[in-house]
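1. Okay, structure incoming, though there's no sequence with it:
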């Protein structure tokens, strides 16, 4: 019988298909349907640092009524209603999902700075989360901030969060790092048990009729798989951490490629938002059929099989491939 099981962050999973952080985890009934369809774990939607700080400042403001500094401080942060959830509701949702589901539930924190808000990592753990995903989403716009300063702050944040919890910690990263292998190694040394590649930044657009900024997030396609696929294949075997590939997982072939690059799990949301929980069964049945046809007995058998672990000079290998691709184009008549 084909063995689809894998391990991620020390968790034994029945297959490598995980529901990534998204609105899918906001309704327990929806999460239960995903489990019934075969999803092996679910990552909660993110609790943002700003939400926690806003609630804390708001409480402090009402306790210190008349203090203009607190009232002013509140204006620097978005209104809590924009998020539609308070930190306490988030913790209750973690507990609710754990009670309703038999699969692992992974909490998600989104933050960029050290501070008291990181104590929520332990509260998410205490609510029952099996692991925690720390999402380092930060778009640098200040020209005075150096890359070294940003990386040092993020490494310190990982260390602080890790010291607050006993459950496994995964860190979700952006691809926009000058020396990703070095940064990844520092993140792992700071305490990360897993790495999620990659975070997808939203790309704003302009509304020329209203002369306003349009905020939207385009869902992924299988073409988005290439970036995390490339980097996981490069990093596999170079750091002692589990890799999760996210962005572009829409089919069994996407899952297979991810496993061969060296990922322990693939995370998907766009496909589920498009097609619902029935997409899970289709991917898993196609995955098992492909493995049987090619006589793969287990997922572990293929993990890392097409990584660059044994390539002597990966940088030279990448440049050779780059030259080969460019040379493959022919002038149009």
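-> Perfect, I can see it now. Note that the structure is a prediction, hence the values are computed from the model and not measured.
2. The stretch 201-333 of the chain: strands as residue ranges?
-> Assigned strands in the stretch 201-333 of the chain, in chain order: 205-207, 212-214, 242-246, 265-268 (criterion: DSSP state E, counting those that start in this stretch).
3. looking at the ones you listed, which is closest to residue 170?
-> Shortest distance between residue 170 and the strands of the stretch 201-333 of the chain, using Cβ to Cβ, is found for strand 242-246: 6.6 Å. Every residue, glycine included, has its C-beta placed from N, CA and C.
4. so what secondary structure elements neighbour that closest one?
-> strand 6-8, strand 169-173, strand 194-197, helix 226-235, helix 252-261, strand 265-268 (3 or more Cβ pairs under 8 Å, 6 or more residues apart in numbering; DSSP states H and E).
5. In JSON lines: the strands of the stretch 201-333 of the chain, plus mean neighbour count.
-> Shown next, in JSON lines, are the strands of the stretch 201-333 of the chain (neighbours: other Cβ atoms under 10 Å):
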{"stretch": "strand 205-207", "mean neighbour count": "10"}
{"stretch": "strand 212-214", "mean neighbour count": "10"}
{"stretch": "strand 242-246", "mean neighbour count": "27"}
{"stretch": "strand 265-268", "mean neighbour count": "28"}
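6. between those, which one is nearest to residue 92?
-> Residue 92 lies closest to strand 265-268 among the strands of the stretch 201-333 of the chain, at 23.8 Å (Cβ to Cβ).
7. so what's the spatially closest residue to residue 170 that is not a sequence neighbour bridging to?
-> Using Cβ to Cβ, 6 or more residues apart in numbering and skipping the chain neighbours, the partner closest in space to residue 170 is residue 194 (3.5 Å). On the basis of DSSP bridges, residue 194 is bridged to residue 170, residue 242.
8. right, and residue 194 touches residue 241 too?
-> Yes - with contacts counted by Cβ atoms under 8 Å, residue 194 reaches residue 241, the gap being 5.6 Å.
9. These two: which is more packed in?
-> Between residue 194 and residue 241, counted using other Cβ atoms under 10 Å, residue 194 has the larger neighbour count: 23 against 20.
10. separation between that one and residue 217?
-> Noted for residue 194: a distance of 24 Å to residue 217, by Cβ to Cβ, to the nearest Å.
11. Residue 268 now?
-> For residue 268, the distance to residue 217 equals 15 Å [Cβ to Cβ].
12. picking up where we left off before, out of the helices and strands packed on strand 242-246, which is the most enclosed?
-> Most buried of the helices and strands packed on strand 242-246, by mean neighbour count (mean count of other Cβ atoms under 10 Å): strand 265-268, with a mean of 28.
13. and it, which strands flank it?
-> Under the rule (DSSP bridges), strand 265-268 has strand 17-19 (parallel), strand 242-246 (parallel) as partners.
14. Nearest to residue 288, out of those?
-> strand 17-19 (11.6 Å).
15. For residue 109, grab the count of nearby residues.
-> Around residue 109 there are 25 other residues, counting by other Cβ under 10 Å.
16. What residues of the helix or strand hosting residue 34 count as buried?
-> Residue 34 belongs to helix 28-37 when assigned by DSSP states H and E. By neighbour count with 16 or more other Cβ atoms under 10 Å, helix 28-37 contains the buried residues 30, 31, 32, 33, 34, 35, 37.
17. quick one: contacts of that helix?
-> Under the contact criterion Cβ atoms under 8 Å, 6 or more residues apart in numbering, helix 28-37 has outside partners 19, 24-25, 42, 93, 96-97, 100-103, 272, 277-278, 280-281.
18. Could you do stretch 204-222 as well?
-> 200, 202-203, 247-251, 253-254, 270, 273-274.
19. Export the strands of the stretch 201-333 of the chain to CSV and append columns for distance to residue 140 and mean pLDDT.
-> Shown next, in CSV, are the strands of the stretch 201-333 of the chain (distance: least, Cβ to Cβ, whole Å; pLDDT from 0 to 100):
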stretch, distance to residue 140, mean pLDDT
strand 205-207, 21, 87
strand 212-214, 19, 86
strand 242-246, 22, 98
strand 265-268, 25, 98
